[in-house]
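A.B. asks: 3D, please:
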Amino acid sequence: MKLNKLVIYLLILVALGAWLYFVEIKHKEKKQAAEEQASRIVSIDKDQVVQMDLKSKDAAGIEIKKPADVWVLTSPLDTRADQSAIASLLQSATSAAQEKVLMEKDVNWGEYGLDQPSLSVGLATKDARTEIFFGESNPSKTSYYVRISGDPRLFLVADTLKNSLNKTVLDLRDKTVVAIAPSDVDRIVISRKGEETELRRETPEKWVMVRPEEMRVKSTLVNRDLNNLTNLTAKDIIDKPLKEGDLYGLENPDKQIKLAGPKIEETLDMGAIAAGKEDTPAAEPDVYARIKGHDTVYVIDARTLKGLVELDRNLLRDRSVLSFNPADIEKLEIDLDGKKWLAVRGADKKWALEQPQKIENVDGWSVTSILWDLKDLEWKNMIKEAPGDLSALHLAKPQLVASIFKMGQKEPMVLKAGWDLKPAKKDGQGEPGDKKDAEAEATPESKEKSSESPSIKPDVPKLVNAMAETAEEKGVIFEVAGNFIGRLRNDLERIVGKK
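C.D. replies: Okay, here's the model as predicted:
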């Protein structure tokens, strides 16, 4: 009996839920949609609009058409349109809502400034046309009087509607300066005051400098600056620039950026400071620019391109000793202080230690920390060609050998580091001094500081010699900061639970 009652109660609950959903919620949604539709001042589907025009007392009329899948400006000039700006304009016009209907009919339009509208917006489909006319603002200056073509009513709408529709040609035109996709560029040449710097793309994610010197560069910075250039938009556009004289400083520009690829080549000339911007407090004022071979002159924000134009080689130089993604590593083998450590990552992505002892599921953060430390290791100085005898550099028998195996690759990347085992001088500068002298000069305070800083052991100087053996580079000697050895020791000890 109790079970039957429970079933009945459940059926009643389900019925109530269904009623609540289909009657209450759905009804409210339909009612809300109907109210929103009724509040709109125009009844037109934005997806059906193929033409718009804006007419204002203060500016020339603007005509926009959609002959295919994209919008174009056809008056007062033929040019590409800013698709997102047009979409926003269309959304504002077709969703415009009334604040109030002031009069249903017999309106004297002249009393409200609607006999000579300050702004009109036309929307046309293939079958019909609708116009929105804006008159004067109300006494409180918060709303505007509006009428719709073919509608006898007088509306009051928020002032924000007029602001969203009252656009200029510059607002609606495509202001893109360099119409090139970053992926199509494989060569960048920067000319500044007669000096040229050339960058070449070796792989989709790797750039190198080939002029005025050959060196690895930080590809993330190059890609960032390239994206800034290809996304550059003009702050103003001069379609009919003056031909006489060199008002824009573009006849013999001292700054140029050339982008080249298998199918494209385009050069951006950068000229004089834009008129009215000479006293701008900004570090990089707006300047004139144009695409070589074209007449149109743009006003651009020079700060956007500062990374490419200035091109600080020290900042751009890639000082990484090794280049890899820690997520791609499946095996790590380290020989340090005469002891071997071997960590392997299984199919479950978990790390296990095989040497110096077997430990399943070791602390993955410690292994990841080591990999990131090795990845982020940067050189301070570089000797381009290693000498035949590496003994003088303490690399014939290095104290550290780290072998890093990428997934699917048999040959590892190998990092070797060596240093003089004698302790450094008291001031930590210059060549290592005599061990007895160093011990004699060491104060109790310095010894205490040394014991409190286990990350930097006494037998590792500030700089150690290192060399990397990778598929890209071999036989190059670096000087790197010695404190990474201390961090490496700590992480290795942490893996076996000694830290």
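A.B. asks: by contact count, what packs against the helix or strand hosting Trp341?
C.D. replies: In this assignment (DSSP states H and E), Trp341 forms part of strand 339-345. Helices and strands touching strand 339-345, by 3 or more CB pairs under 8 Å, 6 or more residues apart in numbering; DSSP states H and E, are strand 329-336, strand 351-355, helix 483-495. Using the backbone N, CA and C atoms, a C-beta is placed for each residue, glycine as well.
A.B. asks: export the ones you listed to JSON lines and tack on mean pLDDT?
C.D. replies: Output for the helices and strands packed on strand 339-345, formatted as JSON lines (pLDDT from 0 to 100):
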{"stretch": "strand 329-336", "mean pLDDT": "92"}
{"stretch": "strand 351-355", "mean pLDDT": "90"}
{"stretch": "helix 483-495", "mean pLDDT": "88"}
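A.B. asks: Val414 is nearest to which of these?
C.D. replies: strand 329-336 (9.3 Å; CB to CB).
A.B. asks: need the CA coordinates for that closest one. PDB is fine.
C.D. replies: Extracted C-alpha coordinates of strand 329-336, given in PDB (Å, rounded to 0.1, in the frame of the first residue of the first chain):
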ATOM      1  CA  ILE A 329      59.800  14.400 -22.400                       C
ATOM      2  CA  GLU A 330      59.500  10.700 -21.500                       C
ATOM      3  CA  LYS A 331      62.900  10.000 -19.900                       C
ATOM      4  CA  LEU A 332      65.400  12.000 -17.900                       C
ATOM      5  CA  GLU A 333      68.900  10.700 -17.000                       C
ATOM      6  CA  ILE A 334      71.200  12.800 -14.800                       C
ATOM      7  CA  ASP A 335      74.800  12.100 -13.700                       C
ATOM      8  CA  LEU A 336      75.700  14.600 -10.900                       C
END
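A.B. asks: give me the beta-bridge partners of Phe134?
C.D. replies: Beta-bridge pairing for Phe134 (DSSP bridges): Leu119, Val146.
A.B. asks: report the distance from stretch 191-210 to the chain centre.
C.D. replies: Here the centre of stretch 191-210 is set off from its chain's centre by 20 Å, with CA atoms, centre = their mean, to the nearest Å.
A.B. asks: contacts for that stretch?
C.D. replies: If you take CB atoms under 8 Å, 6 or more residues apart in numbering as the criterion, stretch 191-210 is touched by 183, 185-190, 211-212, 214-217, 219, 222-223, 254-258, 309, 311, 313, 316.
A.B. asks: list the contacts of Thr220.
C.D. replies: Counted by CB under 8 Å, 6+ apart, Thr220 has zero contacts.
A.B. asks: buried residues in stretch 411-423?
C.D. replies: Residues of stretch 411-423 classed as buried under the neighbour-count rule (16 or more other CB atoms under 10 Å) are 412-419, 423.
A.B. asks: try stretch 372-383
C.D. replies: Applying a neighbour-count criterion of 16+ other CB under 10 Å, the buried positions in stretch 372-383 are 373-375, 377, 379.
A.B. asks: how about the strands in the stretch 51-200 of the chain?
C.D. replies: With DSSP state E, counting those that start in this stretch, the ranges of strands along the stretch 51-200 of the chain come out as 51-56, 59-65, 72-75, 79-80, 100-103, 119-124, 129-137, 143-148, 154-158, 187-192, 195-203.
A.B. asks: for the nearest residue in space to Pro412 that is not next to it in sequence, helix, strand, or coil?
C.D. replies: In space, Pro412 comes closest to Ser403 once its chain neighbours are excluded; the distance is 4.2 Å by CB to CB, 6 or more residues apart in numbering. For Ser403, the reduced secondary structure class is strand; criterion used: DSSP: H, G, I helix; E, B strand; the rest coil.
A.B. asks: go on, Asp295?
C.D. replies: Reducing the assignment to helix, strand or coil with three-state DSSP, the entry for Asp295 is coil.
A.B. asks: that one and Pro241: what is the separation?
C.D. replies: The span separating Asp295 from Pro241 equals 6 Å under the rule CB to CB, to the nearest Å.
A.B. asks: quick one: which of the two has more around it?
C.D. replies: Between Asp295 and Pro241, counted using other CB atoms under 10 Å, the more crowded position is Pro241 (14 against 11).
A.B. asks: would you mark the buried spots in the strand holding Trp341?
C.D. replies: Applying a neighbour-count criterion of 16+ other CB under 10 Å, the buried positions in strand 339-345 are 341-345.
A.B. asks: stretch 236-244 too?
C.D. replies: Neighbour counts using 16+ other CB under 10 Å place 237-238 of stretch 236-244 among the buried residues.
A.B. asks: turn the helices and strands packed on strand 339-345 into CSV, including distance to Glu111 and mean neighbour count.
C.D. replies: Conversion of the helices and strands packed on strand 339-345 to CSV gives the following (distance: least, CB to CB, whole Å; neighbours: other CB atoms under 10 Å):
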stretch, distance to Glu111, mean neighbour count
strand 329-336, 78, 19
strand 351-355, 81, 18
helix 483-495, 80, 19
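A.B. asks: could those go into a markdown table alongside distance to Arg290?
C.D. replies: Written out in a markdown table, the entries for the helices and strands packed on strand 339-345 read as follows (distance: least, CB to CB, whole Å):
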| stretch | distance to Arg290 |
| --- | --- |
| strand 329-336 | 48 |
| strand 351-355 | 56 |
| helix 483-495 | 49 |
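A.B. asks: between the ones you listed, which one is nearest to Leu11?
C.D. replies: Proximity of the helices and strands packed on strand 339-345 to Leu11 was assessed by CB to CB; the nearest stretch is strand 351-355, lying at 55.2 Å.
A.B. asks: so how far is whatever helix or strand comes next after that closest one from its chain's centroid?
C.D. replies: Counting by DSSP H and E, the element after strand 351-355 in chain order, helix or strand, is helix 364-375. Between the centre of helix 364-375 and the centre of its host chain there is 26 Å, according to CA atoms, centre = their mean.
A.B. asks: burial check on the closest residue to Asp254 other than its chain neighbours, number of neighbours?
C.D. replies: Using CB to CB, 6+ apart and skipping the chain neighbours, the partner closest in space to Asp254 is Lys193 (5.2 Å). By other CB under 10 Å, 6 other residues sit near Lys193.
A.B. asks: ok, Lys193 to Trp207 distance?
C.D. replies: Using CB to CB, one gets 23 Å for the distance from Lys193 to Trp207.
A.B. asks: in this structure, where is pLDDT below threshold?
C.D. replies: Residue ranges of the chain with pLDDT under 70: 1-5, 7, 9, 18-39, 277-284, 384-386, 422-458, 471-474, 498-499.
A.B. asks: sweet, I'm off.
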